[in-house]
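>>> kindly generate the corresponding structure for this input.
(one chain, ligands or ions: 1)
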Amino acid sequence: MKLGNISIFNSDLTKNKLNWYIRVADNLAPAKFLIARSIKCDFKLNMKIDLLWSIFDESMLTLNNIRKNIDEFDYKSVTPNLLDLCVEISKRILSNCNFCHWNCGVDRMSGEMGVCKLDSDSRVSSFFHHNGEELVFRGKNGSGTIFFTSCNMRCVFCQNGDISTDSRNGDVIGADQLASIIKLLRFEGVHNINFVGGDPIVHLHTIIDGISRLNNTDLSNTEIEEIINLKADYFINYSLNYDCNYISEFNVPMLWNSNFYMSADAFRLLSVLMDVWLPDLKFYDEKCSRRLAKVSKYFEVVSSFLIKLYEIQENFVIRHLILPEHIDCCTIPILEWINEYIPDTLVNIMTQFHPDMRTDPKNILYNEKYADLCRKLSKDEINRVFEIADQLNINYKDLII
Ligand code: SF4
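Predicted coordinates:
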């Protein structure tokens, strides 16, 4: 079933806010990575990074112009192209890593590790058709979700702690295997490729390289055998016949599902590739983000990228997880900020918090200094937040279905 035919998109606001994503999902428009592959970039491997970035900036203007006149787009692959340039820049960054706001500056290519405890290898814990995401993302056929290991934040209540805190979880995958995973999921009909973790930002080099290797050829049995042990829903017999071509090119929208605690350079690279974004916005108060996620300047960093997404009119949905005892210091100021700075934005106000990791008294990692988070939300708390969201005209109702 086409994503655009789902009844939730009868709502004009939701449809307009996700218009690009819906069109790519239904192959009525090319994914950004296809446009990038059509933009010639005459760079050389011996060029300095500043020069590579200036070629990148010029090419971004071209990409944005093509998107504005997308119905006139005449796809033709060229080399070297903007995707190739993104691969090269991401490798340079890996040697002095600043993918995220930690800006560790370690040479991951040489085996050094920063806060995420990863060298240049990327690991995937599992992938599958996710039918628990928002309806706009799961649609009828699921969201093609790829769980990468490790994270750059240390949320004490993490609900994916086995993946985010164990950098050795899962299997090492290279760019070719990642391309095979993406193709398998799309051939099986998913509406998008959902990069998540942990946090996917710490694997940006592999993700860009994997996307650059997507092509319109079938998957061989050997390629499927290399990845099938990571497929959590391998026992479901999906057919591989989904029509996923734009013109005659493999096509699928890319979804960035992340904490957004990234660097400005990473955001620039992702802007070439992501068709739709799913940022978390957890904390407003600096004291809360330092205490509960061990990061500084959280709101300043994340909100700056949300404002950029809004200004450049990208398709995105914010996720805000309500935390017990943090409604007045975080939830309400976040909703007020959205209303003031990025009005009309789609927001999923999430009520499913449950104690986990260091906030769960039954967990060996429990620490009573996080006792404020050792319970679920009450009905009164949830109702209070929704009342305030209504007063502030927050667009959340289509996202909580
Ligand atoms: S991804 Fe972030 S945490 Fe990991 S090494 Fe790079 S800057 Fe540090």
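
>>> got the residues of the stretch 1-150 of the chain near the ligand?
Residues of the stretch 1-150 of the chain found near the ligand (C-beta under 6 Å from any ligand atom) are 97-100, 102-104, 106, 114-116. Where C-beta positions appear, they are placed from N, C-alpha and C, glycine not excepted.

>>> show me which of those residues are buried.
By neighbour count, with 16 or more other C-beta atoms under 10 Å, these hold 97-100, 102, 104, 106, 114-116 as buried.

>>> list the contacts of the residue in the stretch 251-400 of the chain that the ligand sits nearest to.
Nearest residue of the stretch 251-400 of the chain to the ligand: Ser263, at 7.2 Å (C-beta to the nearest ligand atom). By C-beta atoms under 8 Å, 6 or more residues apart in numbering, the residues touching Ser263 are 98-101, 103.

>>> quick one: which of those residues is nearest to Val302?
Of all those, His101 has the smallest distance to Val302: 9.1 Å, by C-beta to C-beta.

>>> my guess is His129 is in a strand, correct?
Yes: per DSSP: H, G, I helix; E, B strand; the rest coil, His129 lies within a strand segment.

>>> in the sheet, who's paired with it?
Per DSSP bridges, the residues bridged to His129 are Gly144.

>>> now it: how far from Leu321?
To Leu321, His129 is 23 Å away according to C-beta to C-beta, to the nearest Å.

>>> got the contacts of Ser263 as TSV, with pLDDT and secondary structure columns?
Formatted as TSV, these follow (pLDDT from 0 to 100; DSSP: H, G, I helix; E, B strand; the rest coil):
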residue	pLDDT	secondary structure
Asn98	97	coil
Phe99	98	coil
Cys100	98	strand
His101	97	coil
Asn103	97	coil
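
>>> what is the nearest of those to Thr165?
Nearest to Thr165, judged by C-beta to C-beta, of the contacts of Ser263 is Cys100 at 16.2 Å.

>>> list the contacts of that closest one.
Contact analysis of Cys100 by C-beta under 8 Å, 6+ apart lists 116, 152, 199, 201-202, 261-263, 266.

>>> ditto for Cys97
Residues near Cys97 by C-beta under 8 Å, 6+ apart: 103-108, 114.

>>> redo that, cut-off 10 Å
By C-beta atoms under 10 Å, 6 or more residues apart in numbering, the contact set of Cys97 is 103-109, 112-116, 118, 120, 202, 204-205, 263.

>>> check the secondary structure at it for me.
At Cys97 the chain is in coil, as set by three-state DSSP.

>>> residue contacts, Leu323?
Counted by C-beta under 10 Å, 6+ apart, Leu323 has contacts 155, 157, 282-283, 288, 292, 329-331, 350, 353, 359, 372-373, 377, 381.

>>> what subset of the residues you listed is buried?
Looking at the contacts of Leu323 with 16+ other C-beta under 10 Å, the buried ones turn out to be 155, 157, 282-283, 288, 292, 330-331, 350, 353, 359, 373, 377, 381.

>>> same list (those) but as TSV, adding secondary structure, pLDDT and distance to the ligand.
Listed next are those as TSV, based on DSSP: H, G, I helix; E, B strand; the rest coil; pLDDT from 0 to 100; distance: C-beta to the nearest ligand atom, whole Å:
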residue	secondary structure	pLDDT	distance to the ligand
Cys155	coil	95	14
Phe157	coil	94	20
Lys282	coil	97	18
Phe283	coil	98	18
Cys288	helix	98	21
Leu292	helix	97	18
Cys330	helix	98	23
Thr331	helix	98	27
Met350	strand	97	25
Phe353	coil	96	25
Thr359	helix	95	23
Leu373	helix	96	24
Leu377	coil	97	31
Glu381	helix	98	33
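
>>> out of the residues you listed, flag the one nearest to Gln391.
Distances from Gln391 to the buried ones among the contacts of Leu323, taken by C-beta to C-beta, are shortest for Thr331, at 13.3 Å.

>>> give me the pLDDT for the closest residue to the closest one other than its chain neighbours.
The shortest distance from Thr331 to any non-neighbouring residue, by C-beta to C-beta, 6 or more residues apart in numbering, is to Ile322 (5.3 Å). pLDDT recorded at Ile322 is 98.

>>> just Leu85 next, same as before
So, for Leu85, pLDDT stands at 98.

>>> ok, it - contacts?
Residues near Leu85 by C-beta under 10 Å, 6+ apart: 36, 39, 41-43, 47, 52-53, 55-56, 59, 212, 269, 272.

>>> for it, grab phi and psi.
With angles defined as degrees, to the nearest 10, Leu85 sits at phi -60, psi -40.

>>> what about the residue nearest to it when sequence neighbours are not counted, neighbour count?
Nearest non-adjacent residue to Leu85, counting by C-beta to C-beta, 6+ apart: Cys41, 4.5 Å away. Residues lying near Cys41 (other C-beta atoms under 10 Å) number 21.
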